[in-house]
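Student: The following comprises the amino acid sequence and a computationally predicted model.
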Number of protein chains: 2
Amino acid sequence: MSNTRLPLLEPAGPAVAPCCPPLTERPMTAEEAETAARMFKALGDPVRLRLFSAVASHEGGEACVCDISDVGVSQPTVSHHLKKLKDAGLLTSERRGTWVYYRVEPSVLAAMGKLLTTPATA
Amino acid sequence: MSNTRLPLLEPAGPAVAPCCPPLTERPMTAEEAETAARMFKALGDPVRLRLFSAVASHEGGEACVCDISDVGVSQPTVSHHLKKLKDAGLLTSERRGTWVYYRVEPSVLAAMGKLLTTPATA
């Protein structure tokens, strides 16, 4: 067996970011709560939430600043909020030519959705 | 037809708080983002998230302050955070005897979960 590093290619399956069980399952640990609160906090601002939704719903699941500047704030402010979403792990970005393109990290969205799963109602 | 007001009794079905479509469906309006951001912000603090999770996962889906005081903060701080969760519409409360009991509002949890729904992956 070679000891070369694993290739960067990874299965593109429905990965779920390793965070936390559903909020209704058991009390969260301090560590889990730190991770999850960071994601919720990033979405806890109306402008960021609109930008996130604009990226998430954009054709092909990605958008550049040029696509999503209609939320009533300046482009530097848009960039600032996109950076915060990126720092929270909710968006990834890639520069292509003049523009940086943002993409929603689906595994993170899935993990947050799982957190809010409600138990089957009786 | 009578013009009396509708009775307060409402179907106890799987109501979903009227908020917003999935984030991936279309860009949110400013008004939708205000509503949803308030809920996300309430969960954007580790202590509040642990308290919310403690209530949500407690037997019977409700808990009093006396049940959930093991998150490492004082009881007044616990009460303060529970009030914030209540103000955001995530918890309801009811006084019974000495204690106030908190309960997760399932329709709100369902609405937040819906927001984070990811489209079926190709």
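Tutor: Happy to help now that I have it.
Student: and the gap between A:Glu34 and chain B?
Tutor: For A:Glu34, the distance to chain B equals 5 Å [C-beta to the nearest C-beta, to the nearest Å]. Every C-beta, even on glycine, is put in place using the N, C-alpha and C of the backbone.
Student: For that residue, pull up the helix or strand it's in.
Tutor: Following DSSP states H and E, one finds A:Glu34 within helix A:30-42.
Student: dump the residue contacts of the residue most central in space within chain A.
Tutor: In chain A, the centroid-proximal residue (C-alpha atoms, centre = their mean) is A:Leu90; its distance is 1.7 Å. Contact analysis of A:Leu90 by C-beta atoms under 8 Å, 6 or more residues apart in numbering or on different chains lists A:Met39, A:Ala42, A:Leu43, A:Phe52, A:Val104, A:Glu105, A:Val108, A:Leu109.
Student: filter these by proximity to chain B?
Tutor: Intersecting the contacts of A:Leu90 with the contacts of chain B gives A:Ala42, A:Leu43, A:Phe52, A:Val104, A:Leu109 (criterion: C-beta under 8 Å from any C-beta of the partner chain).
Student: Let me know how buried the third one is, in neighbour terms.
Tutor: Think A:Phe52. 28 (other C-beta atoms under 10 Å in any protein chain shown).
Student: mind listing what it touches?
Tutor: Here A:Phe52 is in contact with A:Ala42, A:Leu43, A:Leu85, A:Leu90, A:Leu91, A:Val104, B:Leu23 (C-beta under 8 Å, 6+ apart).
Student: just checking, the third one is part of a helix?
Tutor: What that stands for is A:Leu85. Yes. Counting by DSSP: H, G, I helix; E, B strand; the rest coil, A:Leu85 is located in a helix.
Student: Who's the closest spatial neighbour of it, skipping the chain neighbours?
Tutor: Spatially, and ignoring its direct neighbours in sequence, A:Leu85 is nearest to A:Leu91 (4.5 Å; C-beta to C-beta, 6 or more residues apart in numbering or on different chains).
Student: measure that neighbour to chain B for me?
Tutor: The gap separating A:Leu91 from chain B is 12 Å, by C-beta to the nearest C-beta.
Student: for A:Arg38, what are its contacts?
Tutor: Counting by C-beta under 8 Å, 6+ apart, A:Arg38 touches A:Ala88, A:Gly89, B:Gly44.
Student: before we move on, the earlier item: and the contacts of A:Phe52, which is closest to B:Arg95?
Tutor: Comparing these against B:Arg95 with C-beta to C-beta places A:Leu43 closest, at 32.3 Å.
Student: what's near enough to touch the residue nearest to the closest one when sequence neighbours are not counted?
Tutor: Spatial nearest neighbour of A:Leu43, chain neighbours left out: B:Phe40 (4.1 Å); criterion: C-beta to C-beta, 6+ apart. Contacts of B:Phe40 were listed using C-beta under 8 Å, 6+ apart, and they are A:Phe40, A:Lys41, A:Leu43, A:Gly44, A:Leu49, B:Met112.
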